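[1] Just to be clear, the model below is a prediction. Sequence and coordinates:
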Amino acid sequence: MAAIKVHGNPRSPATQRVLATLYEKELEFELVPVDMKTGEHKKPHFLNCLNPFGEIPTLEDGDLKLFESRAINKYIADEYAGKGTRLAFGDNKKKAIIGVWMEVEAHQFESAASKLTWELSLKPVFGKGTPDKAVVEKNEAKLAKVLDIYESRLAQSKYLAGESFSLADLHHLPSIQYLLATEVKKLFDSRLHVKAWVADITARPAWCKVLCHACRSKH
Amino acid sequence: MQILPNNQLLGATVALALVAISAAYIYCTSKPKAIKVHGVLLSTATQRVLATLYEKELEFELVPVDMEAREHKKKPFLSLNPFGQIPAFEDRDLKLFESRAINKYISHKHADKGTRLESGDMKQKAIIGVWMEVEAHQFDPAASKLTWELALKPVFGKGTPDKAVVEENEAKLAKVLDIYESRLAQSKYLAGESFSLADLHHLPTIQYLLATQVKKLFDSRPHVNAWVADITARPAWCKVLALQKH
């Protein structure tokens, strides 16, 4: 039985964020499915033992219990620094720059990207109606401005925080993957350096394993 | 060589010493600070960084940004933060933005100075990390909307509070604070028995909300109330508030 357990859903973007990190670090883990349809994540056992905010994913590593995908990933990257891909590395300055771009993903990119992912990818799947055109238009405009800044940044370095892949890039993967299958793809394709970066990070073997996991869960 | 009489020699020595001390004082107080924060005192994100610098007992210079003239949306500010937001931070040749990233850098680089704001133990560090994310993704979205509607909008002459937004976000914040109440019944601070960045990051928004109708949400929860009283009374935080008074 693996020491590391992830409670979540292989098609949830936040769960995928953690799975990507575990695969990059070549760590054994067990994915414990959470039945969102029956509201398992809002019931006492989940709330009291795993995440009081009733959200997936949560992680158990031995007796340590964590939630919030980005905090989980930082823990994995630090605790298992010597294994697999280096994801949070360098001296104080280097780590600080990775930290900045992790915050950028969380506060600048994700707020628009996750709304678009919901409207265009997940809402239809969950039978929650058709995309809200006003929300889509507003958030496409926001995302376009963010990607303009990414375009300038990625003209200077191969990845967001420098010449090596880091958690700052990884955290984008789930939302980007969903958006590539929607009309939003054009926003990535029309920016040369962003397009190259997207092609690079979505082709990583660890990310491909996450996608396989998601595919298997449909059947 | 003529030798000065004793009292003249003494006088000359004292005079030289005074000149040396004055020169040293002028050098130290006028020497450019290694750490610069570009921001404004009213901004919660700027305050978040100042609180950390005071906790760490670090010297810094606050470089005001003229928001009215939209200085933050123009060059050269955009070379500090391409997203055109305050604060921006310099530590010699290192330039950073995003207040939470800045704070993590400060607390890590100066781990041994002032208040310990993170932990050397991997597990405890992870738990602090969880509650930092909680502040950023669960607490702040509702709290910052309420801060804007009830505290800042009037100050900037941007109209009266939007009642629907206030009601919606008070309800959201109340649910978050219910969870905080359970958490703080188990430990003095969010991540354990010691104050950390996870608590500090709440300070600017909490301080604003204490001066509004939202205060009741904190007061009505005993453990949250005690935690708020504790963290807002910290000397470093009082220094941030004192800056605003001047």
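    On my side now, so go ahead.

[2] where does A:E60 land in three-state SS?
    State at A:E60, reduced to three classes by DSSP: H, G, I helix; E, B strand; the rest coil: strand.

[3] Heading C-terminal from the lowest-mean-pLDDT helix or strand in chain A, find the next helix or strand.
    The weakest-scoring helix or strand in chain A, judged by mean pLDDT, DSSP states H and E, is helix A:123-125 (a mean of 88). Downstream of helix A:123-125, the next assigned helix or strand under DSSP states H and E is helix A:133-154.

[4] That next one near chain B at all?
    Yes. Against chain B, helix A:133-154 shows contacts by Cβ under 8 Å from any Cβ of the partner chain at A:146, A:149, A:152-153. C-beta coordinates here come from the backbone N, C-alpha and C atoms, glycine included.

[5] quick one: contacts for A:K93?
    B:L94 (Cβ atoms under 8 Å, 6 or more residues apart in numbering or on different chains).

[6] For it, I want the exact helix or strand it lies within.
    helix A:92-104.

[7] now swap in A:A168 and tell me
    Using DSSP H and E, A:A168 falls in helix A:167-170.

[8] And for that helix, what's in contact with it?
    A:17, A:20-21, A:24, A:73-74, A:77, A:87-88, A:98, A:101-102, A:104-105, A:159-161, A:197, A:201.

[9] restrict these to contacts with chain B.
    A:74, A:102, A:104.

[10] Compile those residues into a markdown table and extend it with columns for pLDDT and neighbour count.
    Putting those into a markdown table (pLDDT from 0 to 100; neighbours: other Cβ atoms under 10 Å in any protein chain shown) gives the following:
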| residue | pLDDT | neighbour count |
| --- | --- | --- |
| A:K74 | 97 | 25 |
| A:M102 | 98 | 26 |
| A:V104 | 98 | 26 |
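
[11] for those residues, which one is nearest A:H213?
    A:K74 (21.8 Å; Cβ to Cβ).

[12] how close does that closest one get to A:S121?
    26 Å (Cβ to Cβ, to the nearest Å).

[13] Ok, A:H172 next?
    From A:H172 to A:S121 the distance is 15 Å (Cβ to Cβ).

[14] Looking at the residues of helix A:133-154 next to chain B, state which has the most neighbours.
    A:V146 (20 neighbours; other Cβ atoms under 10 Å in any protein chain shown).

[15] Pull up the residues of chain A that are close to chain B.
    A:52-53, A:64, A:66-68, A:70-71, A:74-75, A:78-79, A:92-93, A:95-97, A:99-100, A:102-104, A:106-108, A:146, A:149, A:152-153.

[16] Got a quick ChimeraX command for the buried subset of these?
    To isolate the buried members of the residues of chain A next to chain B in ChimeraX, using 16 or more other Cβ atoms under 10 Å in any protein chain shown:
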select /A:52,53,64,66,67,68,70,71,74,75,79,95,96,97,99,100,102,103,104,106,107,108,146,149,153
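
[17] What ranges does chain A have for its strands?
    A:4-8, A:30-33, A:58-61, A:64-67 (DSSP state E).

[18] Switch those strands over to TSV; also include mean pLDDT.
    What follows is the strands of chain A, written out as TSV (pLDDT from 0 to 100):
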stretch	mean pLDDT
strand A:4-8	98
strand A:30-33	96
strand A:58-61	98
strand A:64-67	97
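
[19] Turn those strands into a markdown table, including distance to A:S190.
    Shown next, in a markdown table, are the strands of chain A (distance: least, Cβ to Cβ, whole Å):
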| stretch | distance to A:S190 |
| --- | --- |
| strand A:4-8 | 33 |
| strand A:30-33 | 36 |
| strand A:58-61 | 37 |
| strand A:64-67 | 36 |
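
[20] Now do the end-to-end distance for stretch A:147-161.
    The first and last residues of stretch A:147-161 sit 15 Å apart, counting by Cα to Cα, to the nearest Å.

[21] ok so, going back, which member of the residues of helix A:133-154 next to chain B is positioned nearest chain B?
    Nearest to chain B out of the residues of helix A:133-154 next to chain B is A:I149 (Cβ to the nearest Cβ; 4.7 Å).

[22] Could you pull up the residues touching that closest one?
    A:108, B:82-83.

[23] okay, now the domains of chain A?
    A:4-86, A:92-206 (automatic domain parsing).

[24] How about residues contacting stretch A:32-51?
    With Cβ under 8 Å, 6+ apart as the criterion, stretch A:32-51 contacts A:5-9, A:54-56, A:58, A:65, A:67, A:217.

[25] Select, from the residues you listed, the two members most distant in space.
    A:K65 and A:S217 (23.4 Å).

[26] more crowded one of those two?
    A:K65 (17 against 12).

[27] and the more buried one, bridged to which residues?
    A:E60 (DSSP bridges).

[28] So it is in contact with A:P52, correct?
    No. Checked against Cβ atoms under 8 Å, the pair A:K65 and A:P52 is beyond contact range at 10.9 Å.

[29] Please identify the buried residues of stretch A:15-34?
    Quick answer for stretch A:15-34 (16+ other Cβ under 10 Å): A:15-25, A:27, A:29, A:31, A:34.

[30] what's the span of it, first residue to last?
    Stretch A:15-34: ends 11 Å apart by Cα to Cα.

[31] which outside residues touch stretch A:192-202?
    Residues outside stretch A:192-202 that contact it (Cβ under 8 Å, 6+ apart): A:147, A:150-151, A:154-155, A:158-160, A:165, A:169-170, A:172-173, A:176-177, A:180, A:188-189, A:207.

[32] give me that answer again for 10 Å
    Contacts to stretch A:192-202, defined as Cβ atoms under 10 Å, 6 or more residues apart in numbering or on different chains, come from residues A:20, A:147-148, A:150-160, A:165, A:169-170, A:172-173, A:176-177, A:179-180, A:185, A:187-189, A:191, A:207-208, A:211.
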